[in-house]
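Asker: structure for this input, please:
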Amino acid sequence: MNNALLCLSLTFLGASVLLAIDAAPTHAVPEIKAGDSNSMAHADISPTPFSPVTLPGNGLAQHSFLYSGEWDFRKPVQTLFVVRDGKVAWTYDIPTKDEHGNLQELGDATMLSNGNILFCRKIGASEITPDKKIVWNIDAPEGSEIHCVQPIGLDRVLVVQNGNPAKLMIIQKATGKIEKELTIPVQHPDKPHLQFRRVHMTQAGTFLAAHLDQGKVVEYDKDGKEIWSFAAPGPWSAARLKNGNTLITSGASTVREVNPKGDVVWEFNQKDVPDIKLFILQEASRLANGNTVICNWCPVNLKNPKDWPGSVQLLEVTPEKKVVWALRSWDAPADLGPASSIQLLDEPGVAENGDLQR
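Answerer: From the prediction side, this is the model:
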């Protein structure tokens with residue numbers, strides 16, 4: 001991110017939390033020169049204290065998954081990865097900057113049952129086939145950003161457009177018709193970059209919004225009326241679980257499961273994993289076996305990318321908070337880059353039907 005930071009001082013459960021978040025509408029990207037390596041394999045990397053040498057689990061072979069991450073400024077491209085059987089099976093690159101010099105950021109991404117991948121890139125969102133043909137696309141209007149996109153069946157898509165005003169839209173992909181449009185209230189209409197990273201529709205037809213710049217998660221009904229909320233510092237994502245609870249990630253290195261009454265019934269934070277440094281936890285998914293998979297995004301905390309390979313990108317933890325999988329993959333055979341979004345492809349359910357708890 002850049003040097004302009006917004007310090008959010010929030011009070012949560014009686015404690016004051018100071019959270020530094022990028023406050024500018026775009027990131028400042030170091031100059032990328034021709035011939036820069038896409039790998040840290042040849043970098044002069046010193047040992048770091050961010051994770052142990054030996055990690056639990058089976059590395060890339062633990063799960064098949066779709067992976068994306070924002071702000072990998074080491075590279076001239078940003079990459080979507082599909083990993084199967086411990087190997088990179090498919091990739092798709094977009095330029096770090098488009099032809100107009102606008103920064104692109106990979107975030108929300110979902111593989112559909114037909115093999116297509118729906119993803120956002122800050123300045124727009126697209127759906128791409130396995131043979132890399134774009135079959136649907138939307139560009140963010142000037143002054144707005146798109147950081148969350150969700151498939152609603154195979155024929156519709158939910159898009160949230162950060163901006164003034166911030167808008168939630170359900171769009172028919174074939175015709176481009178906007179089937180539903182809601183204005184979502186935001187604290188800083190003139191700072192779209194900080195408004196939202198995840199806003200998704202629940203299986204009940206409500207909308208669960210993580211208000212990044214307001215320090216709360218809000219559930220809205222189909223007409224945009226607030227029906228539930230929970231205060232959380234710097235919430236990045238919120239997922240409605242099958243048990244009715246809500247799984248929330250916080251920029252304060254914390255994942256919380258909250259019941260409808262607002263009680264925290266499960267929490268995972270730094271004290272639960274003292275040997276693995278937690279940074280900004282962007283997405284968390286609840287698996288069918290009850291475990292939780294977490295994206296641990298480091299660039300704003302580790303400003304020197306030579307330090308990144310010491311950090312863990314993904315963790316899987318049990319309900320008892322035991323880490324059964326930690327992935328640190330910054331070099332061959334897979335330099336995955338920073339972690340923003342993961343969809344496990346070995347989970348039961350149909351993604352576009354809302355079956356996954358993410």
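Asker: for Asn301, helix, strand, or coil?
Answerer: Secondary structure assignment for Asn301 (DSSP: H, G, I helix; E, B strand; the rest coil): coil.
Asker: now it, nearest residue through space, not along the chain?
Answerer: Once flanking residues are discounted, Asn301 sits nearest to Phe279: 4.6 Å by Cβ to Cβ, 6 or more residues apart in numbering. The C-beta positions use only the backbone N, C-alpha and C, and glycine is treated the same way.
Asker: check what pLDDT that neighbour gets.
Answerer: Note for Phe279: predicted pLDDT of 97.
Asker: from Gly234, how far out is it?
Answerer: According to Cβ to Cβ, to the nearest Å, Phe279 and Gly234 sit 12 Å apart.
Asker: check Pro348 too.
Answerer: Pro348 sits 31 Å away from Gly234 when distances are taken as Cβ to Cβ.
Asker: okay, those two: which has more neighbours?
Answerer: Between Pro348 and Gly234, Gly234 has the larger neighbour count (other Cβ atoms under 10 Å), namely 27 against 8.
Asker: report pLDDT for the nearest residue to that one once chain neighbours are set aside.
Answerer: Setting aside the residues directly before and after it, Gly234 is nearest to Gly251 in space (Cβ to Cβ, 6+ apart), at 2.9 Å. Note for Gly251: predicted pLDDT of 79.
Asker: which residues of the protein score low on pLDDT?
Answerer: Residues of the chain meeting the criterion pLDDT under 70: 1-48.
Asker: mind running it again at 90?
Answerer: For the chain, the stretches flagged by pLDDT under 90 are 1-49, 251-252, 332-333.
Asker: next up, phi/psi of Trp308, please.
Answerer: Note on Trp308: its backbone torsions stand at phi -60, psi -40 [degrees, to the nearest 10].
Asker: how about Leu194?
Answerer: The phi/psi pair for Leu194 (degrees, to the nearest 10) is phi -100, psi 0.
Asker: I'd say it and Gln214 touch.
Answerer: No - the criterion here is Cβ atoms under 8 Å, and Leu194 misses it with Gln214 at 9.3 Å.
Asker: roughly how far out does the helix or strand encompassing Glu267 sit from the chain middle?
Answerer: Element membership for Glu267, per DSSP states H and E: strand 264-268. In this view, strand 264-268 has its centroid 20 Å away from the chain centroid, taken as Cα atoms, centre = their mean, to the nearest Å.
Asker: now for that strand, which elements pack on it?
Answerer: strand 254-258 (3 or more Cβ pairs under 8 Å, 6 or more residues apart in numbering; DSSP states H and E).
Asker: each with direction, which strands does the strand it packs on pair with?
Answerer: Sheet pairing for strand 254-258, assigned by DSSP bridges, gives strand 246-250 (antiparallel), strand 264-268 (antiparallel).
Asker: want to try JSON lines for the ones you listed, with distance to Asp155 as columns?
Answerer: Output for the strands paired with strand 254-258, formatted as JSON lines (distance: least, Cβ to Cβ, whole Å):
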{"stretch": "strand 246-250", "distance to Asp155": "27"}
{"stretch": "strand 264-268", "distance to Asp155": "36"}
